[in-house]
Each structure stands twice: as C-alpha cells, then as structure tokens.
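everything below, folded, please.
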Amino acid sequence: MFYPRYNYSKGLIRPAQKRVAAVSRTRSPRRRQANLGSGGALGGLMGAGGGFMQSYSPVYERAEDPTLAEEFLPTDTQTQNKIFRNIIMYDPIAGPATEYWRDLAFSKHVRLGGIKDDKILQFYQDAIEASNIEHWMPWLLNDYLTFGRFVMNMDFDERKGYWTQIIIHDLDYVEIRVPPFPSEDPIINIQPNQEHRDWAVSRDPRVVEQREKYDPEIIKLMALGNPYPLPAEHTMFMPRRAYATDYYGTSYLTRIIPFKIMEKALIDSEIAAARRRAGPVWVITVPENYEADEIQEIIDQFFAVEEDAVGGKVAVRDGVSVMPIGDVQLLLFQPSSDSDAQMGVVDAPEAAGEIVLAGELHA
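Purely as a prediction, here's the structure:
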C-alpha cells in the first residue's frame, strides 16, 4: 500500500487524495511514481469495471539542484585552498593567467607625486622601502585571485612613525569572523601551525634573539598552540566579493572547478590504464596428471620469455594449451603422433606480446 503522488482519473493530473493499492516496485531516488487509476476514459478502455496501473516517472531533477561536481566540493577552507593551489600549480591555462595578472598589474617601483616638501617626500620613501610593499603587492593580488581573499598585518614602528614590515598570513590558519555591521572591523585570529609552535619554544640563540622583538603574550599563545588575535588597526582583510553579501570572498578559480573534477577523473583513468600490462595475460592449461613442479616449470619458462628483449622459445609437452585474455588468437599445442617424447616448441617474439607456434621437436 502506498500514496501515489499524482492521480490520472478522468484525464486530469492532480494530487492523490486517497490510498490506492498497488504493487510496490523499485524506483530511482530522482524519480517519482504516480498511479493511472481506473475510471473515466482510461477505465473505459478496459471494459466495465476494468482498470490498470501504470508507472508515471517524470525527471525529478530541478534547476536549483547541485550537480555531482558541486556535491563533491569540500566545505572546509583548508581543502578548498588545496584545490586552488593545485589548479595554480598544474593547470596550463589558469596558472599562467593568474601569474599574468599578478606580475603585470604593478610597476616595479612605487612612484610618489604631488609632494613638494622634500622632507615629507623622504619620509614616505623611507616607509615604502621599510615595508617592501613593492615586493609584496603582487603576492597580495595572487592570494586575492587564487583564494578570494587575503589577510595581512603590519608592524608599526612608533619611533619612526611608519610600518616597517608586511606579513601575509597563510589562509589555512586564519579564522575570520565578520560582524553584521559594515562599520565594524572583522575579528581575525591566527591559529599557529607546528612550525610556528616550534619557533616559539626553540632554544636556539638566534631564535631567542628574534622572539625578543615581539609581544611576549603572542609568543606565549603561539607556544601553547592557541589562537592569537591580530590588532585591527594594523590588519587588512580584503575579500573578493562575488555578490554584495559575500563577506568572506570567492576565488576566481571557482567557476572552473567542475571542469577540473571531470579532468581529474579522466586523467586518473588514463594513468590507471597506463600502469596496467601492455601485453595480454596468458592462461596455461595442462593435463590433470601434471605435477605441481611441472606446472611451475612451464610458468617459469613464460616468465623467462617475457624478460627476453629479442625473442624466446618455450618447450611444452603434448596437451598443453595457452589462451591469452584478450583478442590474441588462441594457441593449442596439439600432438602429431603417439610418442610421449614429442615436444611442442613455441617461438615467442616480443612484438605485441603474441606467442606463435613455430614447430615441433621430435625425440
């Protein structure tokens, strides 16, 4: 017993209102089954009181349903970033295109104009040189395009009055929380990885000297493996928005991921096929009275032939048959006399892995 989704009574498609008895059948999860009930025009075809049941299976997919490629997409940030890195590394089009925009978007030198006071101009030139922004701008754009966002913070030298270095953070270890009000700064924490924890607890004198330059509280959190906050006044978070409410950003490589999934499946199948045997697999059939050592001797002969780069010969007794798995012609070693000493000699050229019957050796 089941409730059909549609009822065809009286020639109209409408939701079924009552229970109808029917034979259960296997259905695809993406299809629906309806009942063509008796009665009306359809019932009349079967005669008085007649009726029949028929399957009605329209396609169940809807336009908003995700494709298989979309269902395969990971939801965690680290795995998504790994996919984007692989695209940049191995894709012959997306990789060079990203490098093109990264390298050509900026000039080699930052030019300052409109500053007439030489002292002020020198101040900004010193700030640019200290931060090395000319070097880091292309890499900020690289993360912006590849991952859809970048996070950087700068160390401020209060004595000099400008930032002295730019730190671009690995997005795999960045926790970002965007508040609901645009006027508020995002809350950004850094989760130390193993390399950072090792640096925070290292007793190397050179590392100890480096740690003295930074906030001891941050070093302590880093050593414990706990997230440490980035100060909003020295941090920049830039998302690449695909729409107005895309607060965390979208990679420009997202649109090609379905094609990369298809490409990966094709490449994996080709590699799997290339790793298989180039020649056929041979099935050797021997008479029932053969001992195990005699069977092993025949197998060893075929192994030796496969290692011969020029050609080889296999000698077997009457009644031994060799059958390749594939389209190679079946070879049977048929006895030509009643002599038990008669042997079949097989020449096995290397080309195409085919073994042909060359002649007979008589005792």
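
now the spatially closest residue to residue 108 that is not a sequence neighbour, what are its backbone angles?
Spatial nearest neighbour of residue 108, excluding adjacent residues (Cβ to Cβ, 6 or more residues apart in numbering): residue 134 at 6.8 Å. All C-beta atoms are positioned from the backbone trio N, CA, C, and that covers glycine. Dihedral angles of residue 134 (phi, psi; degrees, to the nearest 10) stand at phi -60, psi -30.

pretty sure residue 141 is in a helix, no?
Yes - counting by DSSP: H, G, I helix; E, B strand; the rest coil, residue 141 falls inside a helix.

please report how far it lies from residue 168.
11 Å (Cβ to Cβ, to the nearest Å).

would you mind telling me which of the two has the busier surroundings?
More crowded of residue 141 and residue 168, by other Cβ atoms under 10 Å: residue 141, with 18 against 14.

for the stretch 1-150 of the chain, just list every one of the helices.
Ranges of helices within the stretch 1-150 of the chain are 40-45, 68-72, 77-90, 94-104, 118-131, 133-146, based on DSSP state H, counting those that start in this stretch.

and the longest strand for this protein?
For the chain, the longest strand by residue count, based on DSSP state E, is strand 149-157.

distance of residue 93 relative to residue 218?
Per Cβ to Cβ, residue 93 is found 41 Å from residue 218.

these two: who's more crowded?
Set residue 93 next to residue 218 and count neighbours by other Cβ under 10 Å: residue 218 wins out with 16 against 9.

tell me which residues in the helix or strand where the more buried one lies are buried?
Applying DSSP states H and E as the criterion places residue 218 in helix 216-224. If you call a residue buried by 16 or more other Cβ atoms under 10 Å, then helix 216-224 has these buried ones: 218, 219, 221, 222, 223.

just stretch 293-309 next, same as before
The neighbour-count check on stretch 293-309 (16+ other Cβ under 10 Å) flags 298, 301, 302, 305 as buried.

columns distance to residue 174 and pLDDT on top of the buried residues of helix 216-224, output as a markdown table?
Compiled in a markdown table, the buried residues of helix 216-224 are given as follows (distance: Cβ to Cβ, whole Å; pLDDT from 0 to 100):
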| residue | distance to residue 174 | pLDDT |
| --- | --- | --- |
| 218 | 15 | 91 |
| 219 | 19 | 92 |
| 221 | 15 | 93 |
| 222 | 14 | 92 |
| 223 | 19 | 93 |
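
closest one of the buried residues of stretch 293-309 to residue 281?
Ranked by distance to residue 281 (Cβ to Cβ), these are led by residue 302 at 10.7 Å.

on that earlier part again, can you pull the contacts of the residue nearest to residue 108?
Taking Cβ atoms under 8 Å, 6 or more residues apart in numbering, we find residue 134 in contact with 106, 108, 109, 110, 128.

what's the answer for residue 154, then?
Contacts of residue 154 (Cβ under 8 Å, 6+ apart): 131, 163, 164, 165, 166, 167, 234, 235, 236.

how about the backbone phi and psi for the fourth one?
Meaning residue 165. phi -160, psi 160.

leaving out sequence neighbours, find the closest residue to it.
residue 155 (5.1 Å).

from residue 234, how far off is the one you found?
Distance check for residue 155 against residue 234: by Cβ to Cβ, it reads 7 Å.

overlap in contacts of the two?
Both residue 155 and residue 234 are contacted by residue 163, under the criterion Cβ under 8 Å, 6+ apart.

relative to the whole chain's centre, how far out is stretch 259-276?
On the basis of Cα atoms, centre = their mean, to the nearest Å, stretch 259-276 is displaced by 11 Å from the centre of the chain it belongs to.

kindly export that stretch (C-alpha atoms) in PDB.
The C-alpha trace of stretch 259-276 is given here as PDB (Å, rounded to 0.1, in the frame of the first residue of the first chain):
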ATOM      1  CA  PHE A 259      35.700  21.000 -15.200                       C
ATOM      2  CA  LYS A 260      38.800  20.300 -13.100                       C
ATOM      3  CA  ILE A 261      36.900  17.400 -11.400                       C
ATOM      4  CA  MET A 262      36.000  16.000 -14.800                       C
ATOM      5  CA  GLU A 263      39.600  16.400 -16.000                       C
ATOM      6  CA  LYS A 264      40.900  14.700 -12.900                       C
ATOM      7  CA  ALA A 265      38.600  11.700 -13.400                       C
ATOM      8  CA  LEU A 266      39.800  11.300 -17.000                       C
ATOM      9  CA  ILE A 267      43.500  11.700 -16.100                       C
ATOM     10  CA  ASP A 268      43.200   9.200 -13.300                       C
ATOM     11  CA  SER A 269      41.600   6.600 -15.600                       C
ATOM     12  CA  GLU A 270      44.400   7.200 -18.200                       C
ATOM     13  CA  ILE A 271      47.100   6.800 -15.600                       C
ATOM     14  CA  ALA A 272      45.400   3.600 -14.200                       C
ATOM     15  CA  ALA A 273      45.300   2.200 -17.800                       C
ATOM     16  CA  ALA A 274      48.900   3.100 -18.400                       C
ATOM     17  CA  ARG A 275      50.000   1.200 -15.300                       C
ATOM     18  CA  ARG A 276      48.400  -2.000 -16.400                       C
END
